[in-house]
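A.B. asks: pasting the structure only:
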Ligand SMILES: [Zn+2]
Ligand SMILES: [Zn+2]
């Protein structure tokens, strides 16, 4: 079995490793996996991650270790990426995303999907309908992350929304938010990505102030720009995990009584519905599909383009 393995900052290689066989978990054969900004940051040394990255994937359950999971064998699935301890207060409340003992697929203490196989508990899996083919299915996890905003921020039909960032997360988030309010504007500075936004029917020009501003730039200046664009008593959502510091003049947050919300992983069922119905279109976001052995080209392309996928 092949897996991409990070051994240190900017050190990644394709290795032969043993097939996973973890008691209580399912072995999933990976069919496709998507590269996201977090993977690029892990490659640069963020969180000192060692091991196999990749957390956006579609696969087929090939083997289970517990008899109760037998029905999963042969199912095509996407998967929630946080695995909780099952015992702490967060896990008991059903919020494994904040379990202090959690592992996270391809990000924290658990092998990821840039490999032929990975291992996960059945409780993390979601079977996919036929309406979602493999290329679409890779987007279930990031679409769920965009759906998290709908749980956190009260939208009204007619709310004026700005999404900062014309990258894969920005274009995905803008489409998800458009399902609850038509007034969504994407701000970006890459003409080829803004063209994709316009083909998706998204506005790329709009006047401040906005009721809700989502920062999906992945850049240090994103938050300051959001502060400039949001109306008094409006809401800023921080959607991209930017691992660095930003120079910031925070006083307008106080003077304008702005709410700032951090937002991470989200619910899979609404994401699967939005993708199956076509309300969120992801094929225009696929820039390239690569074999695993061409990982160097794939990561390079992911730094410039929209979504780059591995096909196993
Ligand atoms: Zn991601
Ligand atoms: Zn826990």
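C.D. replies: Okay, I see it. Since the structure is predicted, the reported quantities are computational estimates derived from the model, not experimental observations. Ligands and ions are numbered 1, 2, ... in the order given.
A.B. asks: count the neighbours of the residue nearest to residue 234 when sequence neighbours are not counted for me.
C.D. replies: Using C-beta to C-beta, 6 or more residues apart in numbering and skipping residues adjacent in sequence, the residue nearest residue 234 is residue 211, 5.2 Å away. For the C-beta atoms, the positions are set from N, CA and C on the backbone; glycine is no exception. Number of residues near residue 211 (other C-beta atoms under 10 Å) recorded here: 19.
A.B. asks: mind listing what residue 211 touches?
C.D. replies: Residues near residue 211 by C-beta atoms under 8 Å, 6 or more residues apart in numbering: 159, 160, 161, 230, 231, 234, 235.
A.B. asks: residue 253: which of those residues is nearest?
C.D. replies: Nearest to residue 253, judged by C-beta to C-beta, of the contacts of residue 211 is residue 230 at 9.0 Å.
A.B. asks: how close does the nearest residue to the closest one once chain neighbours are set aside sit to residue 178?
C.D. replies: Nearest residue to residue 230, sequence neighbours excluded (C-beta to C-beta, 6+ apart): residue 213, at 4.6 Å. Distance check for residue 213 against residue 178: by C-beta to C-beta, to the nearest Å, it reads 15 Å.
A.B. asks: more neighbours, those two?
C.D. replies: Counted by other C-beta under 10 Å, residue 213 and residue 178 do not tie: residue 213 has more neighbours, with 29 against 19.
A.B. asks: tell me which element residue 60 is part of?
C.D. replies: Secondary structure assigned from DSSP states H and E places residue 60 in strand 56-64.
A.B. asks: where do the helices sit along the stretch 101-250 of the chain?
C.D. replies: In the stretch 101-250 of the chain, the helices defined using DSSP state H, counting those that start in this stretch lie at 134-137, 140-152, 168-178, 191-199, 222-229.
A.B. asks: out of the ones you listed, which is closest to ligand 1?
C.D. replies: helix 140-152 (5.4 Å; C-beta to the ion).
A.B. asks: closest one to residue 110 among the helices of the stretch 101-250 of the chain?
C.D. replies: Closest approach to residue 110 among the helices of the stretch 101-250 of the chain is made by helix 140-152 (14.2 Å; C-beta to C-beta).
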